[in-house]
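Q: Kindly generate the corresponding structure for this input.
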Amino acid sequence: EFGWCGTTPEHCAVSGGGSDGSTQAPSNSTVASPAITLTAEQIQVGINAKGDSVSVSQEIVDAINEVTMHYSLYQQLAFVTHTIWESGSYQFREELDTANYRNYQDCDWSQEGVQLPTNGKLYYGRGYLQLSWCANY
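A: Next up, the predicted model:
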C-alpha cells in the first residue's frame, strides 16, 4: 500500500496521493527532508555500530557532505550506511577478495554460463561503493 520505503504514511507515502493513483510522499515526510551537514561524530556512530575500531577522517566527512548535499536525508543516510559497509568503514577502496576476481566477470546474467568481458578488463569492486560483476557496469 505504501510503496517501497515504508509501511505507514508517517514513514513514507500515502497510496493514491497522485491524480493517477500513484504514491506520493506527504509534505511532512522525513523521507523528503533535505540532507544535513554531517559531522565526524555522526558518521563515527555508524562505524562503531558496525563494530569497526577505526576513526573517520575529516577528509572523508567533507567528501560525503559534498557528494550528498543535494540528496534527501533518507538518500544521504542510505549512502553513508552503504559506503560504511562496503568499504570496511572507509578503510578499503578496492575489493579484498582478489582470489575470486575471476568469478565476478559474468557480463550477462540472462544467459547461461559465464559471459566473459570482451574488452579484457577485470570487473571487481572499486571505490567506497564496491560495485562488482561485469553485468553491473
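
Q: name the helices or strands packed onto the lengthiest helix in the chain?
A: Longest helix in the chain by number of residues, with DSSP state H as the criterion: helix 73-86. Helix 73-86 is packed against helix 40-50, helix 58-68, with contacts defined by 3 or more CB pairs under 8 Å, 6 or more residues apart in numbering; DSSP states H and E. All C-beta atoms are positioned from the backbone trio N, CA, C, and that covers glycine.

Q: Of those helices, which is nearest residue 33?
A: Of all the helices and strands packed on helix 73-86, helix 58-68 sits nearest to residue 33, with 12.7 Å by CB to CB.

Q: what's the spacing between that closest one and its chain's center?
A: Centre-to-centre, helix 58-68 and its host chain are 15 Å apart (CA atoms, centre = their mean, to the nearest Å).

Q: That helix: which residues count as buried?
A: If you call a residue buried by 16 or more other CB atoms under 10 Å, then helix 58-68 has these buried ones: 60, 61, 64, 65, 68.

Q: Tell me who's in contact with the first one.
A: Applying CB atoms under 8 Å, 6 or more residues apart in numbering, one finds that residue 60 lies in contact with 43, 90.

Q: cool, residue 53 as well?
A: So, once contact is read as CB under 8 Å, 6+ apart, residue 53 ends up touching nothing.

Q: Now do the SS call for it.
A: When classified by DSSP: H, G, I helix; E, B strand; the rest coil, residue 53 comes out as coil.

Q: Now do it against residue 44, distance only.
A: From residue 53 across to residue 44, the span is 11 Å (CB to CB, to the nearest Å).

Q: How about residue 69?
A: 20 Å.

Q: Which one's more surrounded, these two?
A: Between residue 69 and residue 44, residue 44 has the larger neighbour count (other CB atoms under 10 Å), namely 16 against 12.
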